[in-house]
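1. just need the structure, nothing else, for what follows:
(2 chains)
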Amino acid sequence: MIVYINEKETKLNGDKITIQDIIDKGAYNTHYFVVYLNGEYLPRLRHRKTELTEGDRITIYPLVSGG
Amino acid sequence: MSEKEIHEILKHKSVGIAGCGGIGSHCAMSLARAGVKTFFLADFDAIQLKDIYRQCYFRNQVGKLKIHALKENILDINPSANIYCFDIRLCPSDVYELFQTADVVIEAVDDAKSKQTIIEALQKDAPEKPIISGVGMAGWGNTNEINVHQSNTLYMCGDLKSHVSEDAPLMAPRIGIVANMQANIALELMLKSS
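-> Predicted coordinates:
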């Protein structure tokens, strides 16, 4: 399955791959994220439940400290 | 658009600022200088001497609540500004209530979890309201990595990766860059929607 993660075409092997799986594989230096799926905001409680489908566009913003 | 016309529009606009530390204080000052008249300021913290080196406060304000000191500083620029102060640590249910009448919201809190809370609360309860967030500004240099990313009504300013650490503390120049990017986007949105 081909999806687009932060605009980058990405081939995923397997099925039932969730948003949380993508985040976990991302090796980010934070536990906090804002995620959009196909342009719509995806609440964090849905990261584990939402399975990706062909052509999905995922935007992941890691949130780091500082302000 | 003339400066007079810009001031006339911004006189009727309002900005919510969640967090009045480095980002929030610098952003508020820029917006006040640009002519924004109404501010909703939320923060629970008091100014410490160490804050002076990166936040828009002064030695004679040490010990004051940041919301009150920032109000003073905004009023020094525009004595007729309307400033509503909330001495509060924001939780999801407060976010919408405090900022529901603001035209744009500046997310300027320090910790990543609170950033997520504020963004999520607004995206769920007021998805049409622009939220301009500062993410990734610790350290110095790497100016060209600081950027703006947009998804719907969320604007993310920063490099999205530089978190605060012993080796990369928060420093005034990068904070100022990100804060003014946020202010610039806020202005753009408010002037566009007039």
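2. how about the residue in chain A positioned nearest to chain B, nearest residue that isn't a chain neighbour?
-> Ranked by CB to the nearest CB, the top residue of chain A for proximity to chain B is residue A:64, at 3.5 Å. The C-beta positions use only the backbone N, C-alpha and C, and glycine is treated the same way. With sequence-adjacent residues excluded and distances taken as CB to CB, 6 or more residues apart in numbering or on different chains, residue A:64 is closest to residue B:163, at 3.5 Å.
3. one more: residue B:23?
-> residue B:108 (3.7 Å).
4. what are the phi and psi values for the residue most central in space within chain A?
-> Nearest to the geometric centre of chain A sits residue A:19, at 4.3 Å (CA atoms, centre = their mean). The phi and psi values for residue A:19, taken as degrees, to the nearest 10, are phi -60, psi -40.
5. ok but the residue nearest to residue A:64 is inside a helix, no?
-> No. Residue B:163: not assigned to a helix; according to DSSP: H, G, I helix; E, B strand; the rest coil it is coil.
6. neighbours of it, how many?
-> The local packing of residue B:163 (other CB atoms under 10 Å in any protein chain shown) involves 19 other residues.
7. list the contacts for it?
-> A:29-30, A:64-66, B:112, B:136, B:138 (CB atoms under 8 Å, 6 or more residues apart in numbering or on different chains).
8. in chain B, which spans are strands?
-> With DSSP state E as the criterion, chain B has strands at B:14-18, B:38-43, B:82-87, B:104-107, B:131-134, B:147-151, B:154-158.
9. give the other helices and strands that the third one contacts.
-> If I follow you right, that is strand B:82-87. Here strand B:82-87 touches strand B:38-43, helix B:66-77, going by 3 or more CB pairs under 8 Å, 6 or more residues apart in numbering or on different chains; DSSP states H and E.
10. quick one, what contacts residue 32?
-> Looking at chain A here, since you left the chain open. By CB under 8 Å, 6+ apart, the neighbours of residue A:32 are A:62-63, B:112-113, B:115-116.
11. think we crossed wires, I meant chain B
-> B:39, B:73-74, B:77-78, B:81 are the contacts of residue B:32 under CB under 8 Å, 6+ apart.
12. so what pLDDT did it get?
-> For residue B:32, the pLDDT comes out at 98.
13. gap between it and chain A?
-> Here the criterion is CB to the nearest CB, to the nearest Å. By it, residue B:32 lies 19 Å from chain A.
14. would you confirm that residue B:153 contacts residue B:132?
-> No. Using CB atoms under 8 Å as the test, residue B:153 is too far from residue B:132 to be in contact (9.4 Å).
15. between those two, which one's more packed in?
-> A direct count of neighbours by other CB under 10 Å for residue B:153 and residue B:132 places residue B:132 higher, at 26 against 18.
16. beta partners for the more buried one?
-> residue B:106, residue B:155 (DSSP bridges).
17. out of the contacts of residue B:32, which are buried?
-> Neighbour counting with 16 or more other CB atoms under 10 Å in any protein chain shown marks B:39, B:73-74, B:78, B:81 as buried within these.
18. near chain A, which of those residues show up?
-> When contact is defined as CB under 8 Å from any CB of the partner chain, the buried ones among the contacts of residue B:32 do not meet chain A at all.
19. for these, which one is nearest chain A?
-> For those, the nearest to chain A is residue B:39 (16.9 Å; CB to the nearest CB).
20. I'd say that closest one and residue B:77 touch.
-> No. Using CB under 8 Å, residue B:39 makes no contact with residue B:77, being 11.2 Å away.
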